[in-house]
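**Q** Sharing a model that was predicted from the sequence below.
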Amino acid sequence: MIDVQYTDELRDDLVKSMIWMDERKLGLCAQLEEEFHASVAVVRGRPYSFAPDHTSYRPCKLRRFNAVLYFKRDGTLLVNAEVIVVMGLFVGGRDESRLRDCQ
């Protein structure tokens, strides 16, 4: 079973993005959160189908929103298990260069 962990930065990204979306149109934050969790489920189910990009993390574009979540696979944290660490969520083309500082 693949476990999923979230960084503190990811939690901040998600909350800020949800607030920003709700300021644009009431109700969008719940839709963004739903789409985010659906994308995490896809990543959890098939992490190898996402290739690392220039950040060295694996991007997964959310289907409905102009947003990308970045994750890495880490098989060293648990014996006989794999862990997906979700590093960040970037909405609206935000610069993902801060991911380089997370390595």
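**A** Ah, there it is. Since the model is a prediction, treat every value here as computed from it, not as a measurement.
**Q** got the buried residues for the lengthiest strand in the chain?
**A** Ranked by number of residues, the top strand in the chain under DSSP state E is strand 82-91. Buried residues in strand 82-91, counted by 16 or more other Cβ atoms under 10 Å: 84-91. Every residue, glycine included, has its C-beta placed from N, CA and C.
**Q** Could you do stretch 26-40 as well?
**A** 28-29, 32, 35-36, 39-40.
**Q** need the residues you listed in a markdown table with distance to A67 and secondary structure, can you?
**A** Shown next, in a markdown table, are these (distance: Cβ to Cβ, whole Å; DSSP: H, G, I helix; E, B strand; the rest coil):
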| residue | distance to A67 | secondary structure |
| --- | --- | --- |
| L28 | 11 | helix |
| C29 | 12 | helix |
| L32 | 7 | helix |
| E35 | 8 | helix |
| F36 | 8 | helix |
| S39 | 9 | helix |
| V40 | 12 | helix |
